[in-house]
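*Asks:* need the 3D shape of this:
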Amino acid sequence: MKEVTKEVYLKWYEEMLLWRKFEDKLAALYIQQKIRGFLHLYNGQEAVLAGALHAMDLTKDKMITAYRNHVQPIGMGVDPRRVMAELMGKATGTSKGMGGSMHIFSKEHGFYGGHGIVGGQIPLGAGIAFGDKYNNTGGVTMTYFGDGASRQGSLHEAFNMAMLWNLPVVFIVENNGYAMGTSVERTANHPDIWKLGLGYEMPCGPVDGMNPVKVAEAMSEAIERARSGGGPTFLEMKTYRYRGHSMSDAQLYRSKEEVEEYKKIDPITQVLDVIKDQKYATEAEIEIIDQRVKDLIDECVKFAEESPYPEKQQLYDVVYEQENYPFTPHKL
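*Replies:* Numbering: from 1, shown residues only. Next comes the predicted model:
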């Protein structure tokens, strides 16, 4: 694994803080009805992304996930202003305002969504990995899904084919405990989701998803296995989300005390504690990072609010062009 240095800790702190504050701002904008539809926030799960990015090669590795997908593309290199614009449905967004919260996408940066169908991205991730193997790109695909999606039949079909074809893919379940609102303990006869990999003789195991170092260690091993021709891995990131499944979730299935207990092992706090203990940064330097994050988020909001909504013509510009039906030429 690449060494976790002072610079890595400072990078983790700034990036995870940006992701957290970015989504806090999204929640406020949603209440103001500047963001419409659904909004599923990632607060609490940031270590899963931070640790994975440390292990990935962003020049050729790819990522696909479900609809809790706002901060992943930012981590992969997408301009956060364009992500904010997409969430507001603006023409300057990552999908020109037509994807919204649940369908952020950037082929340029190797981020393949944002998928609203529960578990629908699992076989797609295997398919992307098949393409990498077929074209010998050396890339590995990180295929993320939630604990609720792990009960879908598509998972088993994808696992079977991925092992049969020895695909360069890492399957990652972000187990935040509740799917939409049903405890993991109530969805199967055992709570250890990682054991689903055993039936396919797929390397698998649990990971502390609140600690970016533990995530980086597990992901580095899995990515190296895939890249060297060793095939898939299935990792269960044991994590927690502080907010509801979506903004409309009343969270009646858990207590406030439970949420507060998990906040005691908050990934951002863990990283900040190391920075302070090791004297990687002074209080003044930490304040500069905090202000830099705040300024960037303000810039994102300003950019999105000042951006135009798509023209109606755009609806006709994005359909496929058909030779015997020349009335709606494909322009984008």
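
*Asks:* distance-wise, check residue 187 relative to residue 196.
*Replies:* Counting by Cβ to Cβ, to the nearest Å, the separation of residue 187 from residue 196 is 12 Å. To be clear about C-beta, it is placed using only N, CA and C from the backbone, and glycine gets the same treatment.

*Asks:* who has more neighbours, the two?
*Replies:* residue 196 (21 against 15; other Cβ atoms under 10 Å).

*Asks:* residues contacting that one?
*Replies:* Going by Cβ atoms under 8 Å, 6 or more residues apart in numbering, residue 196 touches 150, 155-156, 159, 204, 234.

*Asks:* so where's the stretch 201-332 of the chain uncertain?
*Replies:* Filtered on pLDDT under 70, the stretch 201-332 of the chain yields the residue ranges 326-332.

*Asks:* stretch 159-168: end-to-end distance?
*Replies:* Stretch 159-168 has its terminal residues 12 Å apart, counting by Cα to Cα, to the nearest Å.

*Asks:* contacts for that stretch, please.
*Replies:* 123, 126, 129-130, 132-133, 139-141, 169, 171, 196-197, 199-202, 226-227, 229-232, 234.

*Asks:* out of those, which are buried?
*Replies:* With burial judged by 16 or more other Cβ atoms under 10 Å, the buried subset of those is 123, 126, 129-130, 132-133, 139-141, 169, 171, 196-197, 200, 202, 226-227, 231-232, 234.

*Asks:* for residue 119, give its distance to residue 22.
*Replies:* From residue 119 across to residue 22, the span is 26 Å (Cβ to Cβ).

*Asks:* of those two, who's got more company?
*Replies:* Between residue 119 and residue 22, counting by other Cβ under 10 Å, residue 22 is the more crowded of the two (23 against 19).

*Asks:* any residues touching stretch 171-178, and which ones?
*Replies:* For stretch 171-178, using Cβ under 8 Å, 6+ apart, the contacting residues are 44-45, 48, 52, 68, 122, 125, 142-147, 149-150, 158-159, 162, 183-184, 193-194, 197, 202, 209, 232-241, 245, 253-254.

*Asks:* pull out the buried residues from the residues you listed.
*Replies:* Neighbour counting over the contacts of stretch 171-178 (16+ other Cβ under 10 Å) leaves 44-45, 48, 52, 68, 122, 125, 142-147, 149-150, 158-159, 162, 184, 193-194, 197, 202, 209, 232-241, 245, 253 as the buried ones.

*Asks:* of those residues, which belong to helices?
*Replies:* Judged by DSSP state H, the buried ones among the contacts of stretch 171-178 include 48, 52, 122, 125, 158-159, 162 as members of helices.

*Asks:* quick check: residue 50 touching residue 212?
*Replies:* Yes - with contact defined as Cβ atoms under 8 Å, residue 50 counts as touching residue 212 (4.2 Å).

*Asks:* the more surrounded of these two?
*Replies:* The neighbour comparison of residue 50 against residue 212 (other Cβ under 10 Å) goes to residue 212, with 30 against 26.

*Asks:* distance to residue 7 added to the ones in helices among the buried ones among the contacts of stretch 171-178, as CSV?
*Replies:* Listed next are these as CSV, based on distance: Cβ to Cβ, whole Å:
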residue, distance to residue 7
48, 21
52, 18
122, 34
125, 30
158, 36
159, 37
162, 35
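
*Asks:* redo these as JSON lines? Include pLDDT and distance to residue 59.
*Replies:* Below are these laid out as JSON lines (pLDDT from 0 to 100; distance: Cβ to Cβ, whole Å):
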{"residue": "48", "pLDDT": "98", "distance to residue 59": "21"}
{"residue": "52", "pLDDT": "98", "distance to residue 59": "15"}
{"residue": "122", "pLDDT": "98", "distance to residue 59": "25"}
{"residue": "125", "pLDDT": "98", "distance to residue 59": "19"}
{"residue": "158", "pLDDT": "98", "distance to residue 59": "25"}
{"residue": "159", "pLDDT": "98", "distance to residue 59": "27"}
{"residue": "162", "pLDDT": "98", "distance to residue 59": "23"}
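
*Asks:* relative to residue 287, which of the residues you listed is nearest.
*Replies:* Using Cβ to Cβ, residue 48 comes nearest to residue 287 of those, at 27.0 Å.

*Asks:* run through the residues that contact residue 190.
*Replies:* Per Cβ under 8 Å, 6+ apart, neighbours of residue 190: none.

*Asks:* and if you look at residue 252?
*Replies:* Residue 252 touches residue 181, counting by Cβ under 8 Å, 6+ apart.

*Asks:* mind checking how far it is from residue 260?
*Replies:* 17 Å.

*Asks:* and what of residue 240?
*Replies:* For residue 240, the distance to residue 260 - Cβ to Cβ - is 11 Å.
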